[in-house]
Structure formats: C-alpha cells, structure tokens
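Trainee: mind folding the following:
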Amino acid sequence: MDIASLRENHPEHWNKACAIRVLTLDAVAAANSGHSGMPMGMADVATVLFEKHLKFDAAAPNWPDRDRFILSAGHGSMLLYSLLHLTGYADMTIEQVKNFRQLGAITAGHPEFGHATGIETTTGPLGQGIANSVGFALAEEVQRASFGKKMVDHYTYCIAGDGCLMEGVSQEAIGLAGKHELGKLIVLWDNNNITIDGTVELSDRTDQVQRFKASGWHVQEIDGHDPDAIDAALEKAKKTKKPSMIACKTHIALGSSAQDTSKGHGALTADDLIADTRKVYGWEHGPFVIPADIKSAWEAIGARGAADRDAWEARLEAMPAGKQARFARQQAGAAPRKLSATIKALKKQISESAPKVATRKASEMALEVINPIMPETFGGSADLTGSNNTLTSDMGVFDPSSRKGRYMYYGVREHGMAAAMNGMALHGGSKPYGGTFMCFTDYARGSMRLSALMGIPVTYVMTHDSIGLGEDGPTHQPVEHLAMLRATPNMNVFRPADAVETAEAWEVALTSPKTPSVLALSRQGLPTVRTTHTTRNEASKGAYVLAEAENKRQAILMATGSEVSIAMEAKALLEADGIGTRVVSMPCWELFEAQDETYRRKVLPAGPVRVAIEAGVQFGWDKWLTGERGNRNKAGFVGMEGFGASAPAGELYEHFGITAKETAAKVRELLS
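Mentor: Just a heads-up that it's a prediction; the model follows:
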C-alpha cells in the first residue's frame with residue numbers, strides 16, 4: 001500500500017504511525033547517530049500490533065501476564081522508544097527521547113534490559129532477540145502448565161530483520177520453536193531486502209518463507225504497510241498451534257529520498273531530507289512535537305490493558321494461598337527457604353562418605369536434591385545429557401505432548417540453548433540451566449556474554465573442563481576458556497574441587513539475583529578434599545584455606561578443581577621435608593575478589609612462596625601470584641602453555657607436568 005492510499009483510507013492509523021516515524025527522525029538527527037530506516041518502515045506493523053493485539057498496561061510494565069514484545073532488530077531502537085513514550089510509560093519521557101544515545105539516558109543506541117521499563121531484553125547483536133523470544137515462549141508454556149491458563153496466558157511477539165535471520169543462532173532458535181510447537185510465539189519479519197552493504201542479494205539467496213515452513217512454522221506473507229492485512233495476519237497467527245512467522249514486505253526509510261536503499265538503514269540526519277520527508281507525511285509539527293490528539297490516542301492504547309490486568313489480579317487473589325506464594329516467589333526469583341538446609345545435609349553426607357566422583361557427577365547429585373524443592377528449575381543439554389549429567393529423575397521431558405516436563409533436549413545447539421535460557425530467565429518465574437562441554441563455550445559465548453551484561457542468573461553447566469577429559473584430544477580440551485570467562489565482567493566462574501564445593505557452587509548460583517554462573521566440571525573422578533563438615537558455604541567466599549601448614553609456613557599452593565587434590569599431594573611431599581605449606585582452594589575468583597581486604601589478606605598473606613596449579617593457561621593468575629601482596633620472584637605456575645593432546649587423562653597430566661612432584665619441585669626452586 002502506498003503512502004497516498006494509507007493517508008486517505010487509514011488517516012487515524014497513519015497519524016499514529018507517523019508519530020513513530022517523526023520521533024525517530026528527530027531523535028536520530030539530534031544524536032547525529034542511529035538507524036532511522038527500520039522504525040520508519042515497520043511503524044505500520046508496530047502500530048497495529050500495539051493498538052489491536054498486544055496485551056500490556058503502560059502503568060504496570062512488569063505485570064507477569066503481559067504479552068512480551070521483543071525488538072530483535074535492535075538497531076531500530078527508536079521504534080521501541082517511540083512506542084514506550086507514546087503509550088505512556090512513565091520513565092520514557094520526551095526528554096529521554098531527545099537524549100537518544102547520550103550518556104546517562106535510558107535510550108541507549110540498542111535496547112538495554114534494565115535501562116527502561118518495557119525493554120524485555122538486550123538486543124544489540126543481531127539474532128539474539130529472536131533466539132531469546134523462543135525462551136520467553138518456552139517459559140510461558142512451562143508456567144502455564146504449572147499454574148494454569150487463568151494465570152499464564154500470553155503471547156511473545158518479535159520483530160526481526162534480515163540480519164537477525166542471517167545470523168546462525170536464528171536457525172538454532174527457529175528449529176527449537178518449530179520442534180516444540182511454541183504456538184504463542186509470533187515473529188514479524190521486516191522483509192525490506194536491505195542490509196548495510198546493500199540489497200540482501202549481495203550476500204544471501206535464502207527463501208526465508210520456505211526456511212520457516214521447513215522448520216515447522218506457520219507462515220504468512222503480507223504487505224507490511226496495509227493495516228487491514230497486518231491485523232488479519234496477526235489474528236490468524238494467534239489461532240495456529242505452530243509458532244508463526246509473518247513476512248511483512250516493507251519499504252525501509254519509507255517516504256524519504258533514502259527509501260529502499262542501504263543509506264536508509266543508517267542515520268538520516270540531513271535537514272533537507274528530514275524536511276522533505278515530513279512534507280510527504282503531511283506532518284506540519286516541529287521537532288519532538290506530538291499533537292495532543294495523537295498522543296492521547298496512543299495513551300489510550302497504553303491504558304487498554306488495565307481491565308485485563310485488574311481481572312488477572314483478581315484471579316491471583318483467588319488462587320489458593322500456597323500456590324499464590326509459590327507463584328510470587330518464583331516471579332521474584334527467590335530460592336525456597338529449604339534450599340540452604342538441603343545443601344547442608346548433602347554436604348554432610350558427602351564429607352562423611354568421602355566419595356571419589358567427577359564433579360559433573362557431583363553436580364547431578366546436587367541437582368537430585370535441588371530440583372524436587374525448586375519446581376522453577378528448567379534443565380537441558382546440547383545433545384550431551386549423559387555426559388553433562390543435567391537430567392534428574394523427577395524432571396520429566398518437555399515436548400509438545402508434555403508441557404509439564406522441566407528438561408529439554410536442545411540438540412546440537414549450544415548458542416540457541418544459551419539464548420533461550422536468557423529468554424526464560426528474563427521472562428521471570430524460571431531458573432534455567434543447561435550443559436555442554438566446556439570447550440563449546442566458544443559456541444555459546446555470544447549469549448553467555450549477554451547473560452552477564454543484562455545481569456540475569458542463568459547457570460551454565462560446562463563439563464569436561466580440562467585436559468582431564470583425555471582421549472577426545474585438543475579440539476575438546478579447554479585450556480584458554482577459564483581465562484576467557486573470568487575476563488567477562490559480572491560472571492561467576494566456579495571450578496569446584498570436589499562434590500562438597502560443587503554443592504556449594506550450586507547454592508550460590510541459585511541464589512545470585514543478578515549474576516550468571518558457570519560451573520566448570522571434571523570428567524575424571526576427584527577425591528573428596530572437604531572431609532570435615534562445615535555448615536559454612538566456603539565456596540561463596542571464592543577462596544579459602546583448605547589445609548593449613550603443619551611446619552612453619554613457607555609456601556602457599558593455590559589451585560582450582562581437579563588440581564586441588566594435586567596441591568594436597570604436593571603439600572604432603574613438602575611437609576615431609578619440613579616445608580610448611582598452606583593449600584588454598586579458589587573455586588571462584590570473582591567472589592574472592594569481592595571479599596574485603598582483611599579476609600583476602602588472611603587467606604593470602606605476604607611472605608610465603610606462591611605456586612598456582614591449574615590445567616589451563618596461566619593468563620589471569622598473576623592477579624593472585626604477584627598481586628595481593630605477592631612477589632614476582634617468589635611466584636610460579638604449574639599448568640598448560642599450549643594446547644592439549646589425545647591420550648588417557650593420567651598420561652596427559654604426567655606429560656604436561658601437572659603433578660604433585662612437579663609442584664613440589666617448583667616450590668623448592670623458588671625457595672632456593
């Protein structure tokens with residue numbers, strides 16, 4: 001539908017949609033930076049969606065049963081900011097719009113979760129939004145099965161662009177959604193055929209309609225500027241049991257001289273272009289001025305969901321008290337009171353029986369007692385369930401025939417799994433965790449970084465954490481991955497030494513409100529090093545004295561994971577020679593760094609020789625070897641200097657010199 005027809009046949013719709021377009025032009029021009037074309041092109045789709053379909057209440061942005069709107073094409077952020085301002089979100093003032101992309105404003109260049117209400121997820125990297133949306137829809141299905149349709153019954157809408165669909169994570173996501181028949185997920189594809197470099201044909205020939213159909217989706221193709229067609233397609237999408245993709249044929253930078261060009265993708269800031277475009281729109285008002293009648297019409301849309309919310313709140317009040325309390329607790333992300341006592345009991349049992357088990361098995365042991373008391377946990381694995389030990393007996397498997405299942409077979413989709421878990425956590429009410437091999441954090445990395453950036457408590461169960469996995473060889477043996485993850489702000493990286501530390505790590509992960517956790521777990525069996533039970537969660541401090549020197553203290557051995565037992569063996573060798581040696585287990589550097597200096601000094605005092613032992617690269621260890629009152633001339637490292645090799649684990653540790661004998665020799669060398 002052309003502009004003349006829109007203006008003539010749909011004048012009220014046209015004015016509302018143009019409010020989005022001109023706010024976008026004005027904000028991008030004021031910032032001299034941004035992406036104008038996508039909001040101008042998708043304004044018609046967004047207007048129909050918000051006016052006639054989206055269930056929300058601008059006065060209660062976090063209402064649990066609201067529909068979710070995700071702008072996967074995050075560069076078009078002014079579409080979202082305009083909608084939030086126009087519909088009456090209190091924090092999205094016109095001043096915030098005027099300060100688009102400026103320091104301190106909530107209107108960041110790409111939508112940032114936590115900056116403003118109404119932003120459901122951070123969608124800078126393309127493909128993340130559509131992949132997150134699968135997690136949102138998944139969480140809705142799981143919670144509807146648990147609490148009933150009267151309490152949980154909403155849709156997830158996502159606007160995605162050509163770039164989102166080119167990113168590989170999108171296929172992982174749409175494959176999951178199609179397989180699991182997530183019928184409450186509706187994706188609106190901005191089919192404008194333009195990328196930054198030019199037309200899509202420069203780089204791609206994929207038939208996206210057939211691609212979605214092949215993945216099990218319901219697909220429609222419409223004119224993305226025809227309000228009636230948009231409305232009818234959304235109605236149809238809401239009636240199918242499949243996830244829906246609506247291909248909306250649009251003109252990027254509609255009505256401007258940059259329409260349908262790659263220039264239209266970016267910042268349209270020229271005064272004459274903006275003036276000419278306003279004339280085409282018939283918009284005679286100044287910059288950032290929205291006429292009262294148009295703003296009032298939009299605010300009515302923002303208030304339309306109040307009646308639905310009131311009815312929902314009445315149903316919540318009528319819910320049995322116990323179920324109501326559980327719903328509130330899960331929505332708040334709080335752990336049940338009995339979690340602490342449950343972990344303490346498990347720790348006592350382990351300390352007394354002192355099993356030799358791989359920490360991946362220890363993780364399963366912890367989950368066996370955690371999952372029954374935390375119905376909000378939702379587990380999974382990227383085709384490595386038997387290796388990651390992430391499925392426990394009580395969970396049941398989620399699939400189209402069993403919505404009450406709490407475990408998903410994600411298939412070989414590390415990135416899609418991680419992105420879906422982000423969506424589940426952001427939705428609220430779920431505690432997702434998922435597993436793969438530690439080496440494949442490379443494949444999940446994009447979403448893991450966003451977990452940290454957004455501050456959401458997703459738990460990543462990463463097994464086969466070192467050369468200790470053995471025969472699979474260097475392609476599967478992570479040596480640099482601990483350093484990579486530890487370099488990520490706001491991420492707790494746990495490498496537990498035994499089953500006790502593993503249980504403690506799980507407790508911290510499930511009670512951390514704004515920090516994701518990585519559990520780096522061993523394939524090989526590890527002895528229990530915590531044989532004396534304590535109710536204190538030592539791992540929560542990040543590092544602690546596991547074993548004190550028996551002779552006069554001359555050395556401190558620092559280690560994580562499987563190397564802690566090596567440190568204990570080295571201590572015995574050194575003590576036999578009269579060299580007093582303290583062993584410090586350091587399961588989580590980030591938590592140790594967060595302790596006050598008094599505690600850190602107590603654990604790592606100045607003076608003794610320090611040797612760190614870890615079956616990974618040294619990068620990062622200098623913080624503890626030579627920092628924190630350490631001395632470069634009295635510090636050493638026992639670990640990896642390159643990639644691993646294919647052989648049994650025991651042979652590899654000997655081959656690379658990660659042994660108690662080599663550790664003791666390093667201490668003696670530094671003392672000489």
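
Trainee: helix or strand next in line after the host helix or strand of residue 5, which one?
Mentor: Using DSSP states H and E, the element containing residue 5 is helix 3-9. Next helix or strand after helix 3-9 toward the C-terminus (DSSP H and E): helix 11-31.

Trainee: got the buried residues for that following helix?
Mentor: The neighbour-count check on helix 11-31 (16 or more other C-beta atoms under 10 Å) flags 13-31 as buried. Every C-beta, even on glycine, is put in place using the N, C-alpha and C of the backbone.

Trainee: buried stuff in stretch 510-524?
Mentor: So stretch 510-524, judged by 16+ other C-beta under 10 Å, has buried residues 510-512, 515-524.

Trainee: save these as JSON lines, and put in pLDDT, distance to residue 131 and secondary structure too.
Mentor: Output for the buried residues of stretch 510-524, formatted as JSON lines (pLDDT from 0 to 100; distance: C-beta to C-beta, whole Å; DSSP: H, G, I helix; E, B strand; the rest coil):
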{"residue": "510", "pLDDT": "98", "distance to residue 131": "24", "secondary structure": "helix"}
{"residue": "511", "pLDDT": "98", "distance to residue 131": "27", "secondary structure": "helix"}
{"residue": "512", "pLDDT": "98", "distance to residue 131": "23", "secondary structure": "coil"}
{"residue": "515", "pLDDT": "98", "distance to residue 131": "21", "secondary structure": "coil"}
{"residue": "516", "pLDDT": "98", "distance to residue 131": "16", "secondary structure": "coil"}
{"residue": "517", "pLDDT": "98", "distance to residue 131": "20", "secondary structure": "strand"}
{"residue": "518", "pLDDT": "99", "distance to residue 131": "19", "secondary structure": "strand"}
{"residue": "519", "pLDDT": "99", "distance to residue 131": "22", "secondary structure": "strand"}
{"residue": "520", "pLDDT": "99", "distance to residue 131": "24", "secondary structure": "strand"}
{"residue": "521", "pLDDT": "98", "distance to residue 131": "25", "secondary structure": "strand"}
{"residue": "522", "pLDDT": "98", "distance to residue 131": "30", "secondary structure": "coil"}
{"residue": "523", "pLDDT": "98", "distance to residue 131": "29", "secondary structure": "coil"}
{"residue": "524", "pLDDT": "98", "distance to residue 131": "33", "secondary structure": "coil"}
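
Trainee: and of those, the nearest to residue 177?
Mentor: residue 516 (22.9 Å; C-beta to C-beta).

Trainee: could you find the closest non-adjacent residue to the closest one?
Mentor: Leaving out its chain neighbours, the residue that sits closest to residue 516 by C-beta to C-beta, 6 or more residues apart in numbering is residue 451, at 3.9 Å.

Trainee: tell me where the model's unsure across the protein.
Mentor: For the chain, no stretch has pLDDT under 70.

Trainee: so what's residue 56 up against?
Mentor: Taking C-beta atoms under 8 Å, 6 or more residues apart in numbering, we find residue 56 in contact with 50, 63, 66-67, 69, 87, 302, 305.

Trainee: show me these that map onto helices.
Mentor: 87, 302 (DSSP state H).

Trainee: which two among the contacts of residue 56 are spaced furthest apart?
Mentor: Spanning the widest gap among these are 50 and 63, at 15.4 Å by C-beta to C-beta.

Trainee: what's the first-to-last distance across stretch 22-40?
Mentor: Taking C-alpha to C-alpha, to the nearest Å, the first and last residues of stretch 22-40 lie 8 Å apart.

Trainee: gap between it and the chain center?
Mentor: 28 Å (C-alpha atoms, centre = their mean, to the nearest Å).

Trainee: ok so, going back, I'd assumed the residue nearest to residue 516 was in a helix, is it?
Mentor: Yes. The assignment for residue 451 is a helix, going by DSSP: H, G, I helix; E, B strand; the rest coil.

Trainee: for the helix or strand in which residue 129 is found, C-alpha coordinates in PDB please.
Mentor: Using DSSP H and E, residue 129 sits in helix 128-147. What follows is helix 128-147, C-alpha atoms only, in PDB (Å, rounded to 0.1, in the frame of the first residue of the first chain):
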ATOM      1  CA  GLN A 128      19.700 -12.600  19.900                       C
ATOM      2  CA  GLY A 129      16.200 -11.200  20.100                       C
ATOM      3  CA  ILE A 130      14.500 -13.900  18.000                       C
ATOM      4  CA  ALA A 131      16.600 -16.600  19.900                       C
ATOM      5  CA  ASN A 132      15.600 -15.000  23.300                       C
ATOM      6  CA  SER A 133      12.000 -15.000  22.200                       C
ATOM      7  CA  VAL A 134      12.000 -18.800  22.000                       C
ATOM      8  CA  GLY A 135      13.000 -18.800  25.700                       C
ATOM      9  CA  PHE A 136      10.200 -16.400  26.500                       C
ATOM     10  CA  ALA A 137       7.600 -18.500  24.700                       C
ATOM     11  CA  LEU A 138       9.100 -21.700  26.300                       C
ATOM     12  CA  ALA A 139       8.800 -20.200  29.800                       C
ATOM     13  CA  GLU A 140       5.200 -19.200  29.100                       C
ATOM     14  CA  GLU A 141       4.400 -22.800  28.100                       C
ATOM     15  CA  VAL A 142       6.100 -24.300  31.200                       C
ATOM     16  CA  GLN A 143       4.400 -21.900  33.600                       C
ATOM     17  CA  ARG A 144       1.000 -22.200  32.000                       C
ATOM     18  CA  ALA A 145       1.300 -26.000  32.500                       C
ATOM     19  CA  SER A 146       2.200 -25.400  36.200                       C
ATOM     20  CA  PHE A 147      -0.200 -22.600  37.200                       C
END
